[in-house]
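Chemist: okay, predicted coordinates and the sequence, questions at the end:
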Amino acid sequence: MKVFMIGGTGLLGSEAARELIARGHEVTALALPPVPKGATLPPEMKIEFGNYLEMSDDEMRAHLRGCDAFVFAAGVDERVEGPAPIYDLYEKFNIDPIRRLLPLAKECGVKHVVICGSYFAYFAKKRPQMQLTRRHPYIRSRIDQENAAMDVAGQDFDVAVLELPYIFGTQPGRKPVWVFLVESIRGMKGATMWTRGGTAMVTVRQVGQAIAGAVERNRGGNCYPIGWWNMNWEQMLRIVHKYMGCPDKPIRTIPKWMYAIGGWNLRRDQKKRGIDGGLDMVRYADLQVSELFIDKSLGAEQLGVTDDDIDAAIGDSIRLSIAVADKKADVISMKGE
């Protein structure tokens, strides 16, 4: 198949391109410059630089025409801050592109679409009593993104949204999301203070497999919760400590209210700076102490994801995060493709 991808030079997009090409597909990517220094992009991938948000519908039709599949591996995540209401920013980068590009793709004869989403959407649907879409603009945006995608899906237009959890693995030259974790643990002298709870996780290679699998296997409109390993925070932190060189550092469990106090402080700081966050970190304490687990049979196995080495992937992420924290790595930050 001929696959058009937005975000093909990013962490997830480049891994998906590598997997698709290995399976015999042809991939063309539209991405924002620069390419991360040292990034190992598949040489067979055709890369065109440009900002799809600034392109006309006719320009996007030219990219989509003749393609069998479209992968949207772009957008922004919950770490982004901006002027209130922050939902407007998420709508611009995560929802409006789906509303605009999927009808264009369908018009141009594309048959298969894959969108990289968030596992927060899965838990918003699974645990309605938590009212996650009302309390967290980012989670609301991911549900609205899914709804926009499913509205266009049909018998002859397959659309898959991958509800992705914690992802470990690196792309040389790109700043990992885990720098904050390294800095937080370094700042806790004597013991690492963390809550109970835990999360589903996958490696970046498995995300590439899931995207390629969705291109090939999905039929109709479906949202796939993606997970492979389920770890509580202590299990994850033990691995992180190992790669930080402090394997014997104690881990102390703090109560939810103590975590919420940190959220109050963040909220107060954001208010002073006149900005808003995608997650209400006071209310997020309820999620932080939950077991955000996903059985691999719900999505990953259906899409042909195979086992991988999560310990090594966490190690790669932590080593690069340490290098970034110590200003020993030349990296670029995440950007909205």
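Modeler: Yes, it's here. All values derive from a computational prediction rather than experimental measurement. Residues are numbered from 1 along each chain as shown.
Chemist: how about the helices in this structure?
Modeler: 11-22, 57-64, 87-90, 96-107, 119-126, 132-135, 137-152, 179-187, 204-217, 233-244, 256-273, 285-288, 310-325 (DSSP state H).
Chemist: what's the angle from the last one to helix 204-217?
Modeler: Going back to what we said before, that points to helix 310-325. With axes from the mean of the first three to the mean of the last three Cα atoms, to 10 degrees applied, the angle from helix 310-325 to helix 204-217 works out at 120 degrees.
Chemist: other SSEs contacting helix 310-325?
Modeler: strand 166-168, helix 179-187, strand 198-203, helix 233-244 (3 or more Cβ pairs under 8 Å, 6 or more residues apart in numbering; DSSP states H and E). For every residue, glycine as well, the C-beta is placed using N, CA and C.
Chemist: what's the weakest-modelled helix or strand in the protein?
Modeler: Scoring the helices and strands of the chain by mean pLDDT, DSSP states H and E places strand 81-82 at the bottom, with a mean of 90.
Chemist: for it, packing partners?
Modeler: So strand 81-82, by 3+ Cβ pairs under 8 Å, 6+ apart, packs with strand 276-277.
Chemist: the strand it packs on: how far from the chain's middle?
Modeler: 18 Å (Cα atoms, centre = their mean, to the nearest Å).
Chemist: stretch 116-133 now?
Modeler: For stretch 116-133, the gap between its own C-alpha mean and the chain's C-alpha mean amounts to 15 Å (Cα atoms, centre = their mean).
Chemist: likewise for stretch 53-61?
Modeler: Distance, stretch centre to chain centre, for stretch 53-61: 25 Å (Cα atoms, centre = their mean).
Chemist: with stretch 177-187 instead?
Modeler: 19 Å.
Chemist: tell me how many other residues crowd S56.
Modeler: Per other Cβ atoms under 10 Å, the neighbour tally for S56 reads 8.
Chemist: show the pLDDT at it.
Modeler: pLDDT recorded at S56 is 98.
Chemist: still on that earlier bit, who wins for proximity to S317 among the helices and strands packed on helix 310-325?
Modeler: Closest of those to S317 is strand 166-168, at 4.8 Å (criterion: Cβ to Cβ).
Chemist: what pairs with the closest one, parallel or antiparallel?
Modeler: Partners of strand 166-168 in the sheet, by DSSP bridges, are strand 198-203 (parallel).
Chemist: show me the contact partners of the strand it pairs with.
Modeler: Contact with strand 198-203 is made by 119, 164-169, 210, 226-233, 235-236, 291-294, 300, 305, 308-310, 313, as judged by Cβ atoms under 8 Å, 6 or more residues apart in numbering.
Chemist: where in the stretch 1-150 of the chain is pLDDT low?
Modeler: Applying pLDDT under 70 to the stretch 1-150 of the chain flags no residue at all.
Chemist: residues in contact with the most far-flung residue of the chain relative to its centre?
Modeler: For the chain, the residue at maximal distance from the C-alpha centroid (Cα atoms, centre = their mean) is G190, at 32.2 Å. The contact partners of G190, taken as Cβ under 8 Å, 6+ apart, are P250.
Chemist: how many residues are close by the closest residue in space to R319 that isn't next to it in sequence?
Modeler: Of all residues not flanking R319 in the chain, Y243 sits nearest, at 6.2 Å (Cβ to Cβ, 6 or more residues apart in numbering). For Y243, the count of nearby residues is 19 (other Cβ under 10 Å).
Chemist: pLDDT score for Y243?
Modeler: Note for Y243: predicted pLDDT of 98.
Chemist: pretty sure it contacts L320?
Modeler: No: Y243 is beyond contact range of L320, at 10.4 Å (criterion: Cβ atoms under 8 Å).
Chemist: contact partners for the closest residue to L298 other than its chain neighbours?
Modeler: In space, and not counting its chain neighbours, L298 is closest to P225: 4.8 Å by Cβ to Cβ, 6+ apart. With contacts defined as Cβ under 8 Å, 6+ apart, P225 is in contact with 119, 122, 163, 294, 298-299.
Chemist: tell me, how many residues neighbour G66?
Modeler: Here the count is done by other Cβ under 10 Å, and G66 has 12 residues near it.
Chemist: skipping its backbone neighbours, what lies nearest it in space?
Modeler: Spatial nearest neighbour of G66, excluding adjacent residues (Cβ to Cβ, 6+ apart): K2 at 6.3 Å.
Chemist: so the one you found sits against H25, correct?
Modeler: Yes: using Cβ under 8 Å, K2 makes contact with H25 at a distance of 7.4 Å.
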